[in-house]
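> Could you work out the structure for the sequence below:
(2 chains)
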Amino acid sequence: MSDPIVSIRNISKQFDSVLALDDVSIDIRPGEIFALLGPSGCGKSTLLRVISGFETPTSGELLLDGEDMTQLPPNKRPINMVFQSYAVFPHMNVETNVAYGLKMDKVPSDEIKTRVATALAQVHLEDFAKRMPDQLSGGQRQRVALARALVKKPRVLLLDEPLSALDAKLRDAMRLELVKLQETVGITFIIVTHDQAEAMAMADRIAVLESGKLRQVATPEELYSHPIDGFVADFIGNINSFAVSSWHADNGQISLTAEHLNTVVLAIDETPAFLLSEAPASDAVLAVRPEHVTVSLTQPDENHVSLRGTLGDVAYQGQHCIAEIRLDNGTSISAIIDNALAKSLPSALEQAPIWAFWQANNMLLLPRKVD
Amino acid sequence: MQSIRNNVGVFLSFSSPTFIWLILFFIVPLGIVWLYSFGENVSLTEIETTWTLDNYRRMLEPEILKLMGRSVWLAFASTIICLLVGFPMALVIATASPNAKPWLLLLIMLPFWTNLLIRTYALLNILGTRGRLNDLLRWLYEQADALINTIGLGNLGLLGDGFTPLKMLGTPAGVIYGIVYVSLPFAILPIYSSLERMDKSLLEASMDLGGSQWQTAKNVLIPLAMPGVITAAIITFIPALGQFLTPDLLGRGQVDMIANVIERQFKRANDWPFGSAISLTLLYATFMLLAIRSFNDAARAKRASKR
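Presented below is the predicted three-dimensional model:
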């Protein structure tokens, strides 16, 4: 494994009374698309601003290619950023915007010319060189911001919520294009996003942050199938969780009881440490993804984990439906079912009992939250 | 809004007080002044409109041209100083913390709560030969003098024969000082509002792309604040051009501006036709400035909308 290009080491950032970043350490590898993912206020934007140099961390250090640049001002860092608002200079045309960074670096003017032309070609804006920003669409302005950053051949490109301001159709196209562009230029991309689908589709690895703390760093597949705790499991896709009330481990197996469920037996190598700690059993959850849940009018056999409820809202999604199954105590779980099955089910008004069931080995045993 | 305009009755009843007020107290007096400017004194109190152009011709007399020129240069110098002082102040307010901002703006507005005449008398007290400013300068002089004597350089006479008070009243410097004092809030506010509206990430983008603080100010901050600066310049220059009280009091009658001449025509000289002609010329000049501005804006808007 190659050395990290960006090393975030024990970085904390305090704003007045708010701890925006709490001892975050991440290594980012050269050439990867790395996503900083989390709900708003989780500290992902602060971390991006620390990497770009607009914020100085309260403690910790930031290394680029092994060299400390924690105190370096933004204009001295070989890192460029595509701002969420794009920040295209409104009083300069496209060409001048893209050339700006090179002029600041005192690059000779004929070199500026060729490099600007190349950068504009990379983002398909060759024909727009003389346009003013207010004559461009939002998507085109974003391309200008991209070209303006890429033309400087930065070691790392930072993108702050790059797709959030685009409409749905354009967002999908731009998502693909960004990935292709990254493959072409080979520059490390760090993307900040609150949209887990965006992060999953684009990133090689994802860091999940929540209230200033780093929860988990992993590939999208790993995050989805092996989330570290209930928060990550719920943030990356939907999941139905059930609080564990008691457990008993024996002989490579663990049998658990949880609210609403019959006894669940899972095969394990060793009893997870979070169950053995002092914390009460209910700090553990059993969780199952909606796509593993099946719905039926008759009670399933005992090889399945099952529960009884009534059908709630069914949301049509095109290829499939998301069905809500209401439980007796007012909570509900969701299941992904196919359209034919959704049609055959009694309507929500009838309040007819239905069964939701799944294989025990599709369940994840997780701590509610790792601190 | 649209529906109000469509209903003629409602529109008239809402707008007639304003129209009547404007016609009675603005258009009609202005019309009278306009007629006077083509008139001649036939007796001590009577003016007859003879459609003579003599009053306007007299504007070309060297004495009047000199006063016009002085008005323009005093107003121009004051405007430049207002912009140079106002821009950094506006920047400080625009970048101040949200808690401090209303207080700083309040400080800018505070002078308006006091009558201009009283403020100008206060300036007389400060700028006079034996005023507070000279007190401060004398104190500084004495400190420096004592220091030089202490270190044994007293007999070299580095500071001259003694303190000579700065003469501010009755000089162009004093008048400019007064005009700047009066106009500064009007210069700060439009610049502040253009800086306040600016997307801060534009400044960050410039730094991110390798621009230093100074380059960012030169290439991004100042060009984007330019509309505010132009507004500030116009809003400072036009009233400064017509300043009456400041040159009258701080100029001690030795630094007259065009408004003082106008005042004299209506009072001591009792030459209302000539006073009217100067007033209207000043008004036309102002209109011309505003028209240039509007054409400029329209051209810019047209360029921007071309897609």
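> quick one: contacts for the residue nearest to residue B:58 when sequence neighbours are not counted?
Closest residue to residue B:58 in three dimensions, ignoring its sequence neighbours and counting by Cβ to Cβ, 6 or more residues apart in numbering or on different chains: residue B:274, at 5.9 Å. Yep, even glycine has a C-beta here, placed from its N, CA and C like the rest. Residue B:274 makes contacts with B:55, B:58, B:265, as judged by Cβ atoms under 8 Å, 6 or more residues apart in numbering or on different chains.
> pLDDT on whatever helix or strand residue B:274 lives in, on average?
Mapping residue B:274 onto the secondary structure by DSSP states H and E places it in helix B:272-305. Averaged over helix B:272-305, pLDDT sits at 87.
> Count residues in the vicinity of the residue nearest to residue B:194 when sequence neighbours are not counted, would you?
With sequence-adjacent residues excluded and distances taken as Cβ to Cβ, 6+ apart, residue B:194 is closest to residue B:228, at 2.7 Å. Using other Cβ atoms under 10 Å in any protein chain shown, residue B:228 has 24 other residues around it.
> do the same with residue B:145
For residue B:145, the number of neighbouring residues by other Cβ under 10 Å comes to 16.
> okay, now the domains of the chain?
The chain I'm using is chain A. Chain A resolves into domains spanning A:6-230, A:238-286+A:363-367, A:290-359 when parsed by automatic domain parsing.
> that's the wrong chain, I wanted chain B
B:62-129+B:168-301, B:132-166.
> Go through the shortest one and flag the buried ones.
Okay, so that is domain B:132-166. Buried residues in domain B:132-166, counting neighbours by 16 or more other Cβ atoms under 10 Å in any protein chain shown, are found at B:133, B:134, B:138, B:141, B:145, B:148, B:163.
> if we can go back for a sec, just give me the lowest mean pLDDT stretch among the domains of chain A.
Among the domains of chain A, domain A:238-286+A:363-367 carries the lowest mean pLDDT, a mean of 81.
> remind me which residues of the stretch 1-150 of chain B are low pLDDT?
For the stretch 1-150 of chain B, the stretches with pLDDT under 70 are B:1-5.
> now the helices for it?
B:2-6, B:8-22, B:28-36, B:54-57, B:62-95, B:101-109, B:116-127, B:132-150 (DSSP state H, counting those that start in this stretch).
> thinking again about what came up before, now the domains of chain A as JSON lines including distance to chain B and mean neighbour count?
Conversion of the domains of chain A to JSON lines gives the following (distance: least, Cβ to the nearest Cβ, whole Å; neighbours: other Cβ atoms under 10 Å in any protein chain shown):
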{"stretch": "domain A:6-230", "distance to chain B": "3", "mean neighbour count": "19"}
{"stretch": "domain A:238-286+A:363-367", "distance to chain B": "34", "mean neighbour count": "16"}
{"stretch": "domain A:290-359", "distance to chain B": "36", "mean neighbour count": "15"}
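> can I get the ones you listed in a markdown table with distance to residue B:189?
Listed next are the domains of chain A as a markdown table, based on distance: least, Cβ to Cβ, whole Å:
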| stretch | distance to residue B:189 |
| --- | --- |
| domain A:6-230 | 22 |
| domain A:238-286+A:363-367 | 52 |
| domain A:290-359 | 53 |
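> quick revisit: quick one: which of the buried residues of domain B:132-166 is nearest residue B:99?
When the buried residues of domain B:132-166 are ranked by distance to residue B:99 (Cβ to Cβ), residue B:133 comes first, at 33.5 Å.
> which residues touch that closest one?
With the criterion set at Cβ under 8 Å, 6+ apart, residue B:133 makes contact with B:126, B:127, B:166, B:168.
> how many neighbours does the residue lying closest to the second one once chain neighbours are set aside have?
So that's residue B:127. Across the structure, with Cβ to Cβ, 6+ apart as the measure, the residue nearest residue B:127 apart from its sequence neighbours is residue B:168 (4.1 Å). Residues contacting residue B:168 under the criterion other Cβ under 10 Å number 23.
> Pretty sure residue B:168 sits against residue B:125.
No: here residue B:168 lies out of contact with residue B:125, judged by Cβ atoms under 8 Å, at a distance of 11.6 Å.
> which residues are common contacts for those two?
Contacts common to residue B:168 and residue B:125, judged by Cβ under 8 Å, 6+ apart, are residue B:131.
> how many other residues sit next to residue B:289?
Residue B:289 has 15 neighbouring residues, counting by other Cβ under 10 Å.
> Quick check: it vs chain A, distance?
Between residue B:289 and chain A the distance, using Cβ to the nearest Cβ, to the nearest Å, works out to 24 Å.
> Could you pull up phi and psi at residue A:27?
Recorded main-chain torsions at residue A:27 are phi -110, psi 130, according to degrees, to the nearest 10.
> Helix, strand or coil: sort out the closest residue to it other than its chain neighbours for me.
Across the structure, with Cβ to Cβ, 6+ apart as the measure, the residue nearest residue A:27 apart from its sequence neighbours is residue A:4 (3.7 Å). Using DSSP: H, G, I helix; E, B strand; the rest coil, the secondary structure recorded for residue A:4 is coil.
> which residues sit in contact with residue A:4?
Taking Cβ under 8 Å, 6+ apart as the contact definition, residue A:4 lies against A:27, A:28, A:29, A:30, A:63.
> Same question for residue B:42.
Residues near residue B:42 by Cβ under 8 Å, 6+ apart: residue B:48.
> Which of the helices or strands spans the nearest residue to residue A:83 once chain neighbours are set aside?
Setting aside the residues directly before and after it, residue A:83 is nearest to residue B:201 in space (Cβ to Cβ, 6+ apart), at 4.6 Å. With secondary structure defined by DSSP H and E, residue B:201 is part of helix B:200-208.
> Buried residues of that helix, list them for me.
Of the residues in helix B:200-208, those with enough neighbours to count as buried (16+ other Cβ under 10 Å) are B:201, B:202, B:203, B:204, B:205, B:206, B:207, B:208.
> in the helix holding residue B:274, what counts as buried?
Judged by neighbour count using 16+ other Cβ under 10 Å, the buried positions of helix B:272-305 are B:272, B:273, B:274, B:275, B:276, B:277, B:278, B:279, B:280, B:281, B:282, B:286.
> of these, closest to chain A?
Proximity of the buried residues of helix B:272-305 to chain A, judged by Cβ to the nearest Cβ, is greatest for residue B:286, which lies at 28.6 Å.
> ok, now how distant is the closest residue to that closest one other than its chain neighbours from chain A?
Spatial nearest neighbour of residue B:286, excluding adjacent residues (Cβ to Cβ, 6+ apart): residue B:238 at 5.4 Å. Taking Cβ to the nearest Cβ as the criterion, residue B:238 is separated from chain A by 26 Å.
> what about residue B:238, is that helix, strand or coil?
helix.
> Next, count neighbours for it.
Other residues within reach of residue B:238 by the criterion other Cβ under 10 Å amount to 18.
> quick one, which of the helices of the stretch 1-150 of chain B is nearest to residue A:156?
For these, the distance to residue A:156 is smallest for helix B:62-95, at 28.3 Å, taking Cβ to Cβ.
> Give the other helices and strands that that closest one contacts.
Under the contact criterion of 3 or more Cβ pairs under 8 Å, 6 or more residues apart in numbering or on different chains; DSSP states H and E, the helices and strands touching helix B:62-95 comprise helix B:101-109, helix B:172-197, helix B:222-241, helix B:258-266.
> got the contact list for the closest residue to residue A:148 other than its chain neighbours?
Of all residues beyond its chain neighbours, the one nearest residue A:148 is residue A:98 (4.9 Å), with distances taken as Cβ to Cβ, 6+ apart. By Cβ under 8 Å, 6+ apart, the contact set of residue A:98 is A:116, A:119, A:120, A:144, A:147, A:148, A:151.
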